[in-house]
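1. Structure of the sequence below:
(one chain, ligands or ions: 2)
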Amino acid sequence: MNPALEMREISKEFPGVRALDAVSFDCLPGEVHAICGENGAGKSTLMKVLGGSYRPDAGEIRIGGSVMRLTHPREAAQAGIAIIHQELSLLPHRSVTENIFMGHELVRKGFAGMLLDRAAMRGRAVALLQRVGARISPDDIVAELSIAEQQLVEIAKALLLDARILVLDEPTAALDDRDARHLLDLIRALRGQGVALVYISHRMPEVAAIADRVTVLKDGRLVWTRPQAEATIPAIVSAMVGRDLKDFYPAAPASAPGETVLQLQDVRAAGLPGISLSLRRGEILGVAGLEDSGKGQLARLLAGDLRPEGGTARLAGEPMPLGNPRRVIAAGLGYLPADRKREGLTLRQSVRDNAALALRAMRPAWARPGAGVFAKEALDAGLSRMDVRAAHYGQDIGALSGGNQQKAIIARWLALDPAVLLFVEPTRGIDIAAKAAIYQTMRDTADQGRGIIVVSSDLPELIGISDRILVMHRGTIQGELPRGASEQEIMRLSLGVAA
Ligand code: ADP
Ligand code: MG
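-> Ligands and ions are numbered 1, 2, ... in the order given. Below is the predicted model:
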């Protein structure tokens, strides 16, 4: 069978970055070809070259066997290529129908010339929405739809233009499980209709479930392309990071933990009928639990965001000012929340300013500008120690990958030298190589004599990183497990089944 799409030896350089280095890629009609690679591997660039958004420095593109020069997205669309980018491109204040037909409006003859044929467009929109399984009205305003629904509108638009090549760039990253399953079903249906599908995702189980072939990119180079049977998840992951999974989590510390740095004694607060725990210097303490187990409340309590109703707490040898986030920080606890985008950092600020934010929020005399710790050099040294990859530290932090954002936040906290660092879902939405770097940083940070608490829903992560795991159920600590606990043991305690 002739490939629907063939890219040969595509190279693309940006100032200072070789984004693609002689990458070849093809996709057959009726095939799902997945592209995997850590952030910055070149996946989106390869697809933007295909979509006519970037002009390659070298290489050749064939569509249906003929060489094409795609110098504009319009030319790619005419060649039957549709790309659903990570950033959706719909007009938010227009209706679904208007968006589907944008630039391809249907017209009819009226008395005074050509008129938009709204009825015909609406009718076809209904049919297209049905085909993609979107349960929305063609008259809905796009801004009021969920991300999943907006994505389906984009796919409907691609189908209107009869795209034979459909690229989905991390389409499920923002979707919940049900919407993601629906999208995968739709991809299977389109495959059955002979569409060539390029599927970019970080979610390995999805790739394993749906891809007929898998290509792995790393640092702008092709690592390999393999049929599904030879593209197992461990094979993909080690190709992405170029290292074996056994080195993924840092080794357990050689020495025993030090003195107690944090202690709660029967602390009560909303949803927490009584918490006692202790943490030593040099220790990584994991906190597990299901969605409503109270582990989120515990994190809020520790961060000073929840008023205690009784009990005692000590941090770094002093009474802990629970119920006051600012004073908790000043007393030596650094807090890295789950929702980095909302709580953790301000995206329109430079990497360096973000790192300085924690210092500025506190404003103790020693952290004021000019007092040394605020120095640009000190922050930059921290950022580079953390291997934060940015064009320069004056760059907007929003432009960085999730992993680099998280590293920048860690750097800013380390600049404060906290006694305890509290991480909540530290690697959610972060690619695998950045995950490994963050785990190593946690270990190093603990080894330097700090206490680390990791609240996470990711069991393999908790097991891999923690020296000890507390399991929560109904607002209480149901049990404690040593390093090396199994997922089953954690799950039993999470479900409230006695161990
Ligand atoms: P992926 O999609 O695999 O995460 P990208 O294709 O977005 O990776 O990026 C590949 C490399 O090219 C990265 O180092 C990225 O910073 C760089 N890059 C991508 N687009 C641009 C651009 N418009 N200008 C400069 N550098 C870019
Ligand atoms: Mg990308």
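
2. show me where the stretch 251-400 of the chain has strands.
-> Here the stretch 251-400 of the chain has its strands, by DSSP state E, counting those that start in this stretch, at 260-269, 272-280, 284-289, 310-315, 318-319, 333-336.

3. looking at the ones you listed, which is closest to ligand 1?
-> strand 333-336 (22.8 Å; CB to the nearest ligand atom). (Glycine included, C-beta is placed from N, CA and C.)

4. May I have the strands that pair with that closest one, each with its orientation?
-> Next to strand 333-336 in the sheet, as set by DSSP bridges, lie strand 420-424 (parallel).

5. so how far is the strand it pairs with off the chain centroid?
-> On the basis of CA atoms, centre = their mean, to the nearest Å, strand 420-424 is displaced by 19 Å from the centre of the chain it belongs to.

6. Just the CA atoms of that strand, as PDB, please.
-> Provided in PDB are the C-alpha atoms of strand 420-424 (Å, rounded to 0.1, in the frame of the first residue of the first chain):
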ATOM      1  CA  VAL A 420      10.600  20.700  55.100                       C
ATOM      2  CA  LEU A 421       9.300  20.600  51.500                       C
ATOM      3  CA  LEU A 422       5.700  19.500  50.900                       C
ATOM      4  CA  PHE A 423       5.000  18.200  47.300                       C
ATOM      5  CA  VAL A 424       1.500  17.500  46.100                       C
END
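
7. what's the angle from that strand to strand 272-280?
-> On the basis of axes from the mean of the first three to the mean of the last three CA atoms, to 10 degrees, strand 420-424 is oriented at 130 degrees to strand 272-280.

8. what pLDDT, on average, does the helix or strand that strand 420-424 is followed by get?
-> Moving toward the C-terminus from strand 420-424, the next helix or strand (DSSP states H and E) is helix 432-447. Here helix 432-447 scores 86 as its mean pLDDT.

9. Helices of the stretch 151-300 of the chain, start to end?
-> 177-192, 204-210, 233-241, 295-302 (DSSP state H, counting those that start in this stretch).

10. In a markdown table: these, plus mean neighbour count.
-> Output for these, formatted as a markdown table (neighbours: other CB atoms under 10 Å):
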| stretch | mean neighbour count |
| --- | --- |
| helix 177-192 | 16 |
| helix 204-210 | 16 |
| helix 233-241 | 18 |
| helix 295-302 | 24 |
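
11. among those, which is nearest ligand 1?
-> Nearest to ligand 1, of these and by CB to the nearest ligand atom, is helix 233-241 at 10.2 Å.

12. winner for burial among the strands of the stretch 251-400 of the chain?
-> For the strands of the stretch 251-400 of the chain, the largest average neighbour count (mean count of other CB atoms under 10 Å) is found in strand 284-289, namely a mean of 27.

13. who does that one touch, helix- and strand-wise?
-> Here strand 284-289 touches helix 295-302, helix 432-447, strand 451-455, helix 459-465, strand 468-473, helix 487-494, going by 3 or more CB pairs under 8 Å, 6 or more residues apart in numbering; DSSP states H and E.

14. Run the angle between it and strand 272-280 for me.
-> 160 degrees.

15. What's the mean pLDDT across strand 284-289?
-> Averaging pLDDT along strand 284-289 gives 96.

16. strands paired with it, and their directions?
-> strand 451-455 (parallel), strand 468-473 (parallel).

17. now these in CSV, with mean pLDDT and mean neighbour count?
-> Output for the strands paired with strand 284-289, formatted as CSV (pLDDT from 0 to 100; neighbours: other CB atoms under 10 Å):
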stretch, mean pLDDT, mean neighbour count
strand 451-455, 97, 26
strand 468-473, 96, 23
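
18. Show the contacting residues for the residue nearest in space to the middle of the chain.
-> Centroid-nearest residue in the chain: Gly429, 2.2 Å away (criterion: CA atoms, centre = their mean). When contacts are counted by CB atoms under 8 Å, 6 or more residues apart in numbering, Gly429 touches 173, 402.

19. Select, out of the strands paired with strand 284-289, the one closest to ligand 1.
-> For ligand 1, the closest of those is strand 451-455, at 26.0 Å, according to CB to the nearest ligand atom.

20. Show residues contacting that closest one.
-> Against strand 451-455 from outside (CB under 8 Å, 6+ apart): 261-262, 279-287, 295-296, 298-299, 302, 419-426, 442, 445-446, 461-462, 465-466.

21. Intersect the residues you listed with the contacts of ligand 1.
-> Among the contacts of strand 451-455, no residue sits close to ligand 1 (CB under 6 Å from any ligand atom).

22. Indicate which one of the strands of the stretch 251-400 of the chain is closest to Val32.
-> Nearest to Val32, of all the strands of the stretch 251-400 of the chain, is strand 284-289, at 34.8 Å by CB to CB.

23. distance between the closest one and the chain's centre?
-> Worked out by CA atoms, centre = their mean, strand 284-289 lies 21 Å from the chain centre.

24. Spit out the contact partners of Leu421.
-> 333-336, 410, 413, 442, 445, 450-453.

25. any idea how far it lies from Thr476?
-> 24 Å (CB to CB, to the nearest Å).

26. re the thing from before, now render the strands paired with strand 284-289 as JSON lines, adding distance to Ala173.
-> Conversion of these to JSON lines gives the following (distance: least, CB to CB, whole Å):
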{"stretch": "strand 451-455", "distance to Ala173": "22"}
{"stretch": "strand 468-473", "distance to Ala173": "28"}
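
27. what's near enough to touch Ala125?
-> By CB under 8 Å, 6+ apart, the residues touching Ala125 are 96-97, 100-101, 138, 156.

28. Can you tell me, leaving aside adjacent residues, what's nearest to it?
-> Pro138 (3.9 Å; CB to CB, 6 or more residues apart in numbering).

29. How is that neighbour assigned, secondary-structure-wise?
-> At Pro138, secondary structure determined by DSSP: H, G, I helix; E, B strand; the rest coil is coil.

30. quick one, phi/psi of it?
-> phi -60, psi -20 (degrees, to the nearest 10).

31. By mean pLDDT, flag the weakest helix or strand of the protein.
-> Lowest on mean pLDDT, DSSP states H and E among the helices and strands of the chain sits helix 351-362, with a mean of 56.

32. Can you show me the helices along the stretch 1-150 of the chain?
-> 43-50, 73-78, 96-101, 118-132, 147-160.
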